[in-house]
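Undergrad: coords please:
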Amino acid sequence: MATHAQVNIDQNFTIEEYVNNVLLGDGVTASNITLIGDPIQLAKMTDESGNFSVAEGLVLSCGDPNRLSDCGDDQYPTGLGDAFDDEDLLEVAQSVPPLIGQNFEVSAVNDGCVLEFDFEAGGDSISFNYVFGSDEYLTFVNTQYNDIFAFFLSGPGIVGPYDSPAGFPDGAINIAQIPDSDPVLPITISSVNDITNPEYYIDNPDEEGICLNGYTTTFTASAEVQCGETYHIKLAIADGTDSQLESIVVLEAGSFASSGLDLNANAVPLAADGLEDIVPYEESVGLPEVFSYPSGESFPYDAWNADNNVPIQLDGQSLVVDAVVIEGCNDAQFTVIRPELGSDVQDTLYLDLAGSALLGDDFSDTFNEVVMAPNQTERSVTLGVKDDGVEEGVEFVEISFEYVNGCGETIVTSSRVAILDPIPVVANPSPVGCLQSDGQQLLGYDDITGYGPFNFIWDGVEWNNAEWGSDAWVTSIDSLFDMTNDNGDLVPSHNIELTVIDQCGKEHLFEQLVLHPVMLDADICFEDLLDYPMFNPSIPVEDVTYQGVSVFANSNPLGDNLTINASEEGDLWRLNSISSGLNGWTGTLTIVDTCGYETSGTIVVEDCDVVNVISPNGDNKNDKFQIRGLNGMMGSRLVVFNRYGSVVWEGETQSDEEYELVWNGRHVNGNYVAAGTYQWVLTKADGNGTVERGQLTVFSGEY
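TA: Here you go, the predicted structure:
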C-alpha cells in the first residue's frame, strides 16, 4: 500500500507558465521557451511538511513527479525510456569520477528532461536557488548509476566548453557546482552524499515528507551578466547509465532573478511601542480562522497563512497580500535593495503608497523615504503601524518602489500589507458540571481565541504563564472552586473572574456567573400562597423532599399542611409556589438539585391579620399594605380612598395564580401619599361578590 508524503504536485501549467509564473522572479524576462522530454516530467511542487529544503518550486524529473507524493506506488514511472542523447550532460557526468578519486564510468544519460529559454536581466548578475534529490541515494553512490544535472549558461561575455545555440557562438558554462569545491565539482549523487561533501546532504531513508531517499541542502547558481543583453539557459537532468529510479532538481519558485532591485515585506514580531518578543503567527495559539469585525469586514487569516498567493478581498478588490499586521502587536519590515550601479553615492529612495491605510494616520509619516548611504545597496525599514484605537476593521497599504536600472529601464516592484484591528480575546465557558459532595465545582473555558500564548490570572494564581515552553501553551483551562461559605453552606451565586493577557500586552476580563438553587427559610400566612422560597427559582430541580420522602411521589408526606405548586419539565421540576393548609404547622423542606446536591429550609405557617398601619419609607419594615389569600379569585379588586373620598390607588388580580394585592403607599404617579387615615374596600371575585372594608393609617416615618 502506498504511503502519501507531504508534498503537493501540480501539473496544470504550460511550459511557459512554469517558467514565467513559477520560476522567474524580479528583474528577468524570458522568451523562446522549449522543452526536451515529456511534459509529465515537469511540475510545481509545494512542500507541506516544512522539512524539505525549499517550500515551493519547479520540479524537473527523470520520471513522473507525482511519484514524490505516493511512496511505493508503482503507477508512476521512475524512468521514461532511453531515447535521449545529450553529449554535454554525459561529459559532465563522466568528469566526476576522476575528480573524486573514483574509476567508475557513466556510459549514457537517459530519461532526460531539458528546459531551455532565452532571458534578459535588469541587473549585472542573475541567480536562482535549487535542490537535487534522488532515489539512487545511497545504494548507488560511486557507481556507474551516477544521475546528473547541469545548468548551461551562454551569452555575451561568457566563453565555455559546452555547446550553445546559434546566436551564442562562444559556448556555455555549467553553473551548477558544489560551493567552494577545489577542484570544481558538478553535482551528482557521487559528488554530494553522506561521505563526500556531507555538509550539503540530507539523508531520508524513511522517505519522510517526500518520497526520496536523500536530497541536498539549498544551493545557489549565479553568474555575472550584462544588463539588457540576451542570454540562454539550459536546465537539464538525466539518469546516469540506466533508466531506473528517480532523480529530480527543484528550482525554488521566484528565485530566478537579477540584481536589479527588490522590495520584500515580512510581518515581524515587533511594534512601535516596544513589543519585541511576541510570538510570530506561525508559532502562536488561539488565532481565529477568520478575523471578523463589527463593521462586517473580515480577513480569512487561516486561508492566507496556508497560501500567501491566494487573492484576498480587500475593499472590494481581489488582491494578493504579502504580510499581515495587527495594530499594536507587530509590524511589517521591508528590505529595500538598489542596484550596484550608482550605489557609490548617497541617495533617497521614495516609496509610492496606495490603499486604504494612510501615511501618518495608520503608519509612520516618514516611512516612504529610504536613505541609502554611499555603497549601501540594501536597507531594512519598518512600516511603523500605530494602534490608533479606532475601529477600522481591515485596511491595506500597497508600497511600490520604482528605479531606473543600469539598462536605463524603469523597474517597479511592490508589496502589499493588510493592517488589521487587534482581535479581541474570546473565552467560551465550558459547560458547568455538577457540584461535588464536598461543595466544590469544576469550572473552565474552551477555545480561547486571540493572539496567544496567553497569561491567565484566575483563582488567585497565574495559570500557564506565556514564558513557559511552547508545549505548555493551551487554549482551554479549568479549575476547582469552593462553592460553600465558611460554615459549609452552599452560596447561591458566585462571580468567578478570569483575566487573560494576550501577546499584545492587553488585558481581557471574563466573568463566569454560577447560580445554584438553594432552599430558604420562610414564613407563610394561613391559607396563603407564596412564591417558592428559594434562591434562583428559574433553575429546575430534581426533587423536593420532606422527612426524606419526595413530595411529588404518590404518597404525599405533607398531607394537607402545605402544597408545593410545581411544573414538570421533562424529568425535572420547576418550583413555582407554596400554599398553606393548617395554621401553626412547621416543617423542613429539602431541594435536591439536578446533581443530587441538597439544601434545606424551614417553613412556618402562621396566622396573618390584615395590618392597619404602614410606614412606606423604604426601610423594608411595614412598607406595604397587603391582602392575601386571593388565589383562585381572578378579578378581585382593592381600592384605597383618602378622607375626602377620592381614589388614590386601585388594583386587581389578573389571574387565579395571583394570590395577593399589594399597595406600596404611593399615588399612581409614583409619589408617596401624605400621612393620614385612608379607607380600603376589597371586592372578592369569589362568585358572591363579597366586600370587605377597613381603615388604614399611613405614617411617613418608621413604625
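Undergrad: quick one: residues contacting the closest residue to F140 other than its chain neighbours.
TA: Once flanking residues are discounted, F140 sits nearest to I189: 6.7 Å by C-beta to C-beta, 6 or more residues apart in numbering. Using the backbone N, CA and C atoms, a C-beta is placed for each residue, glycine as well. Taking C-beta atoms under 8 Å, 6 or more residues apart in numbering, we find I189 in contact with S134, E136, Y137, F140, V141, N146, D147, G214, S247.
Undergrad: how's the chain carved up into domains?
TA: Using automatic domain parsing, the domain parsing of the chain gives 3-258, 262-420, 426-515, 518-606, 613-698.
Undergrad: what about the longest strand along the chain, distance to the chain center?
TA: In the chain, with assignment by DSSP state E, the single longest strand is strand 109-121. Strand 109-121 has its C-alpha centroid displaced from the chain centroid by 43 Å (C-alpha atoms, centre = their mean, to the nearest Å).
Undergrad: what strands line up against the following helix or strand past that strand, and which way round?
TA: Downstream of strand 109-121, the first helix or strand assigned by DSSP states H and E is strand 125-134. Paired neighbours of strand 125-134 in the sheet (DSSP bridges): strand 214-216 (antiparallel), strand 219-224 (antiparallel), strand 247-252 (antiparallel), strand 257-258 (antiparallel).
Undergrad: quick check: buried residues in the second one?
TA: Judged by neighbour count using 16 or more other C-beta atoms under 10 Å, the buried positions of strand 219-224 are F219, A221, A223.
Undergrad: of all those, which comes closest to P169?
TA: Proximity of these to P169 (C-beta to C-beta) peaks at A223, which lies at 17.8 Å.
Undergrad: so how far is D70 from the closest one?
TA: Applying C-beta to C-beta, to the nearest Å, the value for A223 to D70 is 37 Å.
Undergrad: ok, G694 next?
TA: G694 is 96 Å from D70, by C-beta to C-beta.
Undergrad: so who does the spatially closest residue to T196 that is not a sequence neighbour touch?
TA: In this structure, T196 finds its nearest non-sequential neighbour in I100, 5.9 Å apart by C-beta to C-beta, 6+ apart. Residues near I100 by C-beta under 8 Å, 6+ apart: N142, L185, S190, S191, T196.
Undergrad: picking up where we left off before, can you put the contacts of I189 in JSON lines and add neighbour count?
TA: Output for those, formatted as JSON lines (neighbours: other C-beta atoms under 10 Å):
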{"residue": "S134", "neighbour count": "29"}
{"residue": "E136", "neighbour count": "27"}
{"residue": "Y137", "neighbour count": "25"}
{"residue": "F140", "neighbour count": "22"}
{"residue": "V141", "neighbour count": "22"}
{"residue": "N146", "neighbour count": "27"}
{"residue": "D147", "neighbour count": "32"}
{"residue": "G214", "neighbour count": "22"}
{"residue": "S247", "neighbour count": "30"}
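Undergrad: run a quick neighbour tally on the closest residue to Y445 other than its chain neighbours.
TA: Using C-beta to C-beta, 6+ apart and skipping the chain neighbours, the partner closest in space to Y445 is A427 (4.4 Å). For A427, the neighbour count with other C-beta atoms under 10 Å is 24.
Undergrad: G452 now?
TA: By other C-beta under 10 Å, 22 other residues sit near G452.
Undergrad: residues contacting the nearest residue to it once chain neighbours are set aside?
TA: If the residues on either side of it in the chain are set aside, G452 comes closest to G286, at 3.7 Å by C-beta to C-beta, 6+ apart. By C-beta under 8 Å, 6+ apart, the contact list for G286 reads V425, I448, T449, G450, Y451, G452, P453, F454, T475, D502.
Undergrad: for the residues you listed, which one is nearest D352?
TA: The nearest member of those to D352, counting by C-beta to C-beta, is Y451 at 31.0 Å.
Undergrad: surely the closest one touches S284?
TA: Yes. Here Y451 reaches S284: they are 6.0 Å apart, a contact under C-beta atoms under 8 Å.
Undergrad: now for those two: what residues contact both?
TA: Counting by C-beta under 8 Å, 6+ apart, the residues touching both Y451 and S284 are Q503.
Undergrad: which of these two has more neighbours?
TA: Ranked by neighbour count (other C-beta under 10 Å), Y451 and S284 place Y451 first, with 24 against 19.
Undergrad: which residues of the stretch 601-703 of the chain score low on pLDDT?
TA: For the stretch 601-703 of the chain, the stretches flagged by pLDDT under 70 are 607-608, 701-703.
Undergrad: nearest to N671, of the buried residues of strand 219-224?
TA: Closest to N671, out of all of the buried residues of strand 219-224 and judged by C-beta to C-beta, is F219, at 92.0 Å.
Undergrad: and the nearest residue to the closest one once chain neighbours are set aside, what is it in contact with?
TA: Once flanking residues are discounted, F219 sits nearest to Y130: 5.7 Å by C-beta to C-beta, 6+ apart. For Y130, the contact set (C-beta under 8 Å, 6+ apart) comprises V54, G57, A176, T218, F219, T220, A221, V249, V250, L251, E252, S255.
Undergrad: for PyMOL, what selects the buried ones among the residues you listed?
TA: Remark: buried members of these, expressed as a PyMOL selection using 16+ other C-beta under 10 Å:
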select buried, resi 54+57+176+218+219+221+249+250+251+252+255
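Undergrad: contacts for stretch 292-307 next, please.
TA: 281-282, 287-291, 310, 312, 321, 324, 391, 393-394, 418, 420-421.
Undergrad: how about it: buried residues?
TA: Residues of stretch 292-307 classed as buried: Y293, E297, S298, F299, Y301, W304 (neighbour count, 16+ other C-beta under 10 Å).
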